[in-house]
Structures are given as structure tokens and as C-alpha cells.
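Enquirer: Provided below for reference: sequence and predicted model.
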Amino acid sequence: MQINPYISDILNQPAVIRETVARYAADRFAAVAADVAARRYDRIVLSGMGASHFAAYPAWLDLVSHGLPAWSVETAELLHHAESLVTEKSLLWLTSQSGASAEIVALIERLADRRPKTILATTADADSPLRRAADTTLQLHIGEESTVSTGSYVSTLAAQHLAVTQIAGGNIEDERSELIDACDVLQHYLAAWQDSIGKWERLIGVPQRLFVIGRGPSLAAVKTGSLIIKESVKFVIEGMSAAQFRHGPLELADEHLTVVILAGSSDARTLNERLAIELREYSAGVVWLDTVPHDVLPTVLIPALPRAAMPIAEIIPLQLLSLALAAQTGVEAGVFQRIGKVTRTL
């Protein structure tokens with residue numbers, strides 16, 4: 001497969017993670033982190049659209065695990081239906097790679113007369129409407145991203161993990177070092193990208209019906225993987241939680257269904273494995289994504305990274321799945337036909 005801008009962006013992800021992590025400015029975030037830790041906000045509202053919103057999911061889970069009052073709401077819903085959730089005592093944490101998405105811009109304008117206590121931005125564009133409106137910024141250092149969200153997504157995961165670590169009083173330098181070391185593992189994994197594409201082709205071909213499912217922090221990769229496969233190769237796929245899959249879509253299980261399942265964290269693995277075995281009994285195709293091969297289930301390996309970096313690791317095989325589908329369907333991966341890099345229409 002010839003390398004195009006989308007593939008270049010995928011292969012360049014370890015470099016942009018390193019840059020974002022190395023330049024994470026803990027001193028600039030210190031005041032906000034202290035206010036969150038001291039419960040000086042009535043609530044934390046995390047919001048974004050598309051992959052930017054999905055990338056904030058692990059941070060939301062970590063915040064609530066620390067007993068913090070945090071909500072995760074996509075910006076369009078916040079703008080049109082749930083604006084009252086943001087108060088004058090809130091921390092509004094907006095994530096947008098461009099900082100110029102239509103919903104982000106409209107929400108900033110809507111809140112001009114009743115600003116929340118703090119607007120925190122996670123963005124790559126230092127001159128965007130979001131960056132200018134924000135009180136504090138977690139800057140993504142990704143260079144030029146040509147097409148579908150790749151480096152911006154994984155860098156968001158890394159930057160927001162460091163931010164939550166800082167809020168929780170953890171050791172930023174230890175986490176920074178761990179994330180940078182993880183980039184070496186990712187780079188080694190991506191060096192065999194064409195072999196990985198071949199394995200995907202052998203395992204699933206071009207499925208008639210395709211789902212990707214998981215639980216907990218893995219839902220970031222589930223939702224983003226589903227999004228980028230639709231966006232980059234125009235292939236119909238649905239991403240949802242494994243629990244929601246049992247509430248209806250399990251009825252689709254037959255020889256025409258293929259389900260990609262992220263093994264996930266230790267507390268989710270047993271439930272996910274049980275569903276995977278059941279799906280096989282119904283003749284569905286199953287691909288298990290894990291750091292080690294499964295004894296029974298066909299497995300695509302995920303880079304073996306520490307817990308903090310696992311949400312980053314989990315998206316990489318799904319990006320490579322998009323390339324496998326492109327190779328088999330004749331679609332040039334990552335070329336926009338209906339939309340652009342930044343969505344500017346509500």
C-alpha cells in the first residue's frame with residue numbers, strides 16, 4: 001500500500017505524543033488543578049465533538065473515580081439542550097483539535113454573558129477561538145495533521161492523562177516518562193503496519209456487518225475507531241459498549257456478523273470474553289484485541305503498554321483495520337468527499 005497523508009499521520013503518532021508530553025506545562029495548569037482538587041468548582045463539564053469528545057472519556061472516568069462531580073456531554077447537546085448544566089461556578093473543559101468547530105464556537109459565544117468560572121481548553125491551534133476564550137490551555141503539539149484525527153486524538157489522551165494525574169496529586173514526571181517510553185513501543189509496533197493490515201485482511205476480509213465493542217476506558221477507542229473507519233474509508237461499522245450490545249444487537253449474531261472486541265481492563269475482560277465465546281457459538285465472526293494471544297479466539301495484538309497508555313494503544317489496531325478495509329474496497333483511505341478537516345456547520 002502506497003503511503004498517503006493519512007498513513008503518514010498514523011505512523012507519525014509516536015513523535016507527536018512525545019512532543020506533547022515533553023512540552024506539557026504543569027506550572028500553567030497548577031492553579032486549575034489545585035482548584036479542582038480543593039473542590040472549588042460545583043462541577044466539571046467535559047465536552048467536545050467527534051474524536052475530541054471520545055478522547056476525553058478516560059479522563060472523565062478518572063475524575064469520577066476520584067469522587068469529583070464531572071459530566072461528559074457532547075457540545076451540540078450542551079449548546080442546544082443542556083446549557084443550564086454549565087454554571088458560574090463550573091469548570092468547562094472543552095476539547096477540540098482545531099478549536100474552531102462550529103459547536104465549540106457557538107457555545108463560547110452563547111456563554112459570553114455568563115461565563116463559567118474557568119474555561120479549560122485542550123487544543124492544537126494556539127490562535128483558535130477556543131484558545132482565545134480559554135482561561136487555561138492544555139496545548140497539543142501535533143504539527144500539521146492532514147486528514148482524519150490520529151495524532152491529535154492520541155495526544156489528547158496523553159495530555160489529559162497528565163492533567164488528571166496532576167489534579168489527583170500524582171507524580172507528573174513519572175507519568176511523563178512512562179508515556180514517552182510507551183512511544184518506543186508504539187513506534188516498533190507501527191514499523192510492522194503492513195503485516196498488521198495483512199492479518200486484518202485474513203481474519204475478517206470485508207464483513208457484511210461490523211461492530212466494535214468494549215467497556216470502560218476502551219470505549220474511547222471503540223467510539224473513535226468506529227468514527228474514523230466510517231470517515232476514512234466510508235465503511236459502515238457501529239461502535240458501542242459491550243453491555244449495550246447485549247441489549248438488542250446480539251440478535252444480529254449469525255455467520256454474517258463480525259464483532260471486534262477490545263479485551264479491556266482486568267475488571268472488564270471476563271465479561272467481554274464471555275460475550276465473545278457466546279458470539280462464536282452463534283456462528284458470528286469474532287476478533288479479540290488484547291496484548292497477548294487468546295487460547296481460543298482469533299487475536300489481533302495491541303501494543304503492550306502500562307495502564308496509563310492503554311487507551312492510546314487500543315486505537316492503533318483499529319486505525320490499521322481502516323487501512324485493511326481500504327485496501328480491499330479500493331477506497332483511498334483518509335480522503336474527504338463530503339466534509340473537511342474542521343466541521344464549521346451546526
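Expert: Nice, thanks for sending it over.
Enquirer: CA atoms for contacts and neighbours, from now on please.
Expert: Fine.
Enquirer: Just the strands from this protein, written as ranges.
Expert: 44-48, 70-72, 91-95, 118-123, 136-139, 209-214, 238-241, 257-262, 285-290, 299-301 (DSSP state E).
Enquirer: Report the inter-axis angle for the fourth one versus strand 91-95.
Expert: Right, the one you point to is strand 118-123. Interaxial angle of strand 118-123 relative to strand 91-95 (axes from the mean of the first three to the mean of the last three Cα atoms, to 10 degrees): 10 degrees.
Enquirer: hey, which of the strands of the chain is tucked in deepest?
Expert: Highest mean neighbour count of the strands of the chain: strand 91-95, a mean of 26 (counted as mean count of other Cα atoms under 10 Å).
Enquirer: Just give me how far that one sits from the chain centre.
Expert: How far strand 91-95 lies from its chain's middle: 16 Å, per Cα atoms, centre = their mean, to the nearest Å.
Enquirer: quick one, that strand and strand 44-48 angle?
Expert: Interaxial angle of strand 91-95 relative to strand 44-48 (the same axes, to 10 degrees): 20 degrees.
Enquirer: and strand 91-95, C-alpha only, in CSV?
Expert: Taking C-alpha atoms only, strand 91-95 is exported to CSV below (Å, rounded to 0.1, in the frame of the first residue of the first chain):
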residue,chain,number,x,y,z
LEU,A,91,-15.1,24.2,35.2
LEU,A,92,-15.9,23.9,31.5
TRP,A,93,-13.3,21.6,29.9
LEU,A,94,-13.6,21.9,26.1
THR,A,95,-11.6,19.6,23.8
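Enquirer: Mind giving me the packing neighbours of that strand?
Expert: Secondary-structure packing of strand 91-95 (3 or more Cα pairs under 8 Å, 6 or more residues apart in numbering; DSSP states H and E): strand 44-48, strand 118-123.
Enquirer: ok, and what's touching that strand?
Expert: Residues from elsewhere that reach strand 91-95 (Cα atoms under 8 Å, 6 or more residues apart in numbering): 41-49, 52-53, 56, 86, 104, 116-123.
Enquirer: N12 and A82, how far apart?
Expert: Separation of N12 from A82 (Cα to Cα, to the nearest Å) stands at 37 Å.
Enquirer: of the two, who's got more company?
Expert: Between N12 and A82, N12 has the larger neighbour count (other Cα atoms under 10 Å), namely 17 against 13.
Enquirer: quick one, what contacts that one?
Expert: G151.
Enquirer: which residues touch the residue nearest the centre of the chain?
Expert: Taking Cα atoms, centre = their mean, the centroid of the chain lies closest to A55, which sits 3.4 Å from it. Applying Cα under 8 Å, 6+ apart to A55 gives the contacts Y153, V154, T156, L157, A220, A221, T224.
Enquirer: The second one - how many residues pack around it?
Expert: Translated: V154. Residue neighbour count, defined by other Cα under 10 Å, stands at 27 for V154.
Enquirer: Touching, it and E19? I think so.
Expert: No. Taking contacts as Cα atoms under 8 Å, V154 lies outside contact range of E19: 11.7 Å.
Enquirer: Give me the neighbour count for P207.
Expert: P207: 17 surrounding residues under other Cα under 10 Å.
Enquirer: One more: H294?
Expert: Per other Cα under 10 Å, the neighbour tally for H294 reads 15.
Enquirer: Then the one 10 residues further on?
Expert: When neighbours are counted by other Cα under 10 Å, A304 registers 17.
Enquirer: Tell me how many other residues surround the nearest residue to it once chain neighbours are set aside.
Expert: In space, A304 comes closest to T291 once its chain neighbours are excluded; the distance is 5.2 Å by Cα to Cα, 6 or more residues apart in numbering. Per other Cα under 10 Å, the neighbour tally for T291 reads 19.
Enquirer: Compare the strands of the chain and give me the one nearest C183.
Expert: strand 299-301 (16.4 Å; Cα to Cα).
Enquirer: Direction included, what does the closest one pair up with?
Expert: strand 285-290 (parallel) (DSSP bridges).
Enquirer: and the angle from the strand it pairs with to strand 257-262?
Expert: Compare the direction of strand 285-290 with that of strand 257-262 by the same axes, to 10 degrees and you get 10 degrees.
Enquirer: Contacts for strand 285-290, please.
Expert: Residues from elsewhere that reach strand 285-290 (Cα under 8 Å, 6+ apart): 203-204, 255-264, 276, 279-280, 294, 297-302.
Enquirer: Check stretch 76-88 too.
Expert: V45, S47, M49, L92, E103, A106, L107, R110, R114, R115, P116, K117.
Enquirer: Just the buried residues of it, please?
Expert: By 16 or more other Cα atoms under 10 Å, the buried positions in stretch 76-88 come out as A76, L78, L79, V86, T87.
Enquirer: What sits closest to V185 if chain neighbours are left out?
Expert: Counting by Cα to Cα, 6+ apart, V185 lies nearest to P303, which is 6.8 Å off, once chain neighbours are set aside.
Enquirer: I'd say the one you found and L190 touch.
Expert: No. Contact between P303 and L190 fails when scored by Cα under 8 Å: they sit 9.3 Å apart.
Enquirer: Have a look at these two and say which one is more surrounded.
Expert: A count of neighbours by other Cα under 10 Å puts P303 above the other of P303 and L190, at 24 against 21.
Enquirer: what about the more buried one, distance to K223?
Expert: Distance from P303 to K223, counting by Cα to Cα: 19 Å.
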